[in-house]
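**Student:** How does the following fold in three dimensions:
(one chain, ligands or ions: 1)
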Amino acid sequence: MKKTEKIEKIYEGKAKIIYSTDDPDLLIQYFKDSATAFNAKKKGTIQNKGILNNKISSIIFKFLEERGIRTHFVERLDDREMLIKRLKIIPVEVVVRNIAAGSLSSRMGIEEGRPLKDTVLEFYYKSDKLGDPMINEYHIKAFDLSSPEDIKKITESALEINRHLVEFFDNRGIRLVDLKLEFGHRVYSDENNGEILLGDEITPDGSRLWDKETEKRLDKDRFRRDLGGVEEAYQEIYERVSRS
Ligand code: TMP
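**Tutor:** Residues are numbered from 1 along each chain as shown. All right, here's what the predicted structure looks like:
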């Protein structure tokens with residue numbers, strides 16, 4: 001296969017940079033070491049995070065594809081770069097929760113670690129300016145953020161992805177507490193609004209991963225809460241997801 005060439009930076013986010021390529025339907029996703037929390041009020045660097053997240057995300061996207069989930073992942077190119085399909089991201093972040101933690105614990109006044117009677121699914125409006133406010137299906141409809149048909153597809157897909165990943169992490173001694181997912185429509189050079197694919201990344205930046213035995217946090221909460229051992233936690237997740 002001919003090597004896809006990087007052309008120019010088209011977007012820079014808090015943790016990743018997106019580049020166009022000589023193939024109009026494909027992009028390169030570059031993973032940075034920078035870390036932010038609390039809507040970028042807290043900023044820092046996690047040494048090697050970009051390399052580890054690129055590898056972790058690549059393994060997880062491959063696993064999901066094997067389970068029949070369609071994702072934007074094409075292949076990992078090198079340490080920090082992944083080739084992806086071009087998507088138009090739907091501006092709705094989907095958070096799926098299996099165990100109470102973080103903002104759910106604060107909102108409901110329950111301790112972190114309490115198992116939930118049923119899976120909780122939440123929507124947030126993807127807007128850095130507004131700090132990603134929580135929304136529901138009425139907001140999505142009223143503000144035309146996505147169609148009701150697409151929201152139905154995304155909801156079903158998010159729950160299915162969560163089921164596969166709970167099992168995947170459980171087999172590696174990890175409890176998947178919660179995770180954030182983003183979806184988008186495939187954009188082709190000659191046509192718009194293709195199928196919906198899972199986009200973005202699946203890494204310890206956007207999920208909570210606890211050791212099953214000790215409940216040790218192995219995710220970005222170590223950075224958010226100044227718990228120390230941040231890089232070691234990402235390295236630990238990489239080693240465990242690498243196990244087949
Ligand atoms: P929360 O408990 O702070 O609402 O976070 C729920 C999950 O979503 C957690 O795994 C971290 C992830 N998340 C992001 O990926 N980006 C964000 O901006 C926030 C607030 C959470």
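**Student:** Averaged pLDDT, stretch 205-215. What do you get?
**Tutor:** Stretch 205-215 carries an average pLDDT of 98.
**Student:** Please state the offset of that stretch from the chain centre?
**Tutor:** In terms of Cα atoms, centre = their mean, to the nearest Å, the centre of stretch 205-215 is found 15 Å from the chain centre.
**Student:** With stretch 118-127 instead?
**Tutor:** Offset of stretch 118-127 from its chain centre (Cα atoms, centre = their mean): 13 Å.
**Student:** same question, stretch 237-244
**Tutor:** 17 Å.
**Student:** That one near the ligand anywhere?
**Tutor:** No. Contact of stretch 237-244 with the ligand (Cβ under 6 Å from any ligand atom) is absent, the minimum separation being 12.9 Å. Using the backbone N, CA and C atoms, a C-beta is placed for each residue, glycine as well.
**Student:** Can you mark which positions in that stretch are buried?
**Tutor:** Buried residues in stretch 237-244, defined by neighbour count with 16 or more other Cβ atoms under 10 Å: 237, 238, 240, 241.
**Student:** now those residues in TSV, with secondary structure and pLDDT?
**Tutor:** Shown next, in TSV, are those (DSSP: H, G, I helix; E, B strand; the rest coil; pLDDT from 0 to 100):
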residue	secondary structure	pLDDT
237	helix	98
238	helix	98
240	helix	98
241	helix	98
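**Student:** ok, whichever residue of the chain sits closest to the ligand to residue 177 distance?
**Tutor:** Residue nearest to the ligand within the chain (Cβ to the nearest ligand atom): residue 102, separated by 2.2 Å. Per Cβ to Cβ, to the nearest Å, residue 102 is found 8 Å from residue 177.
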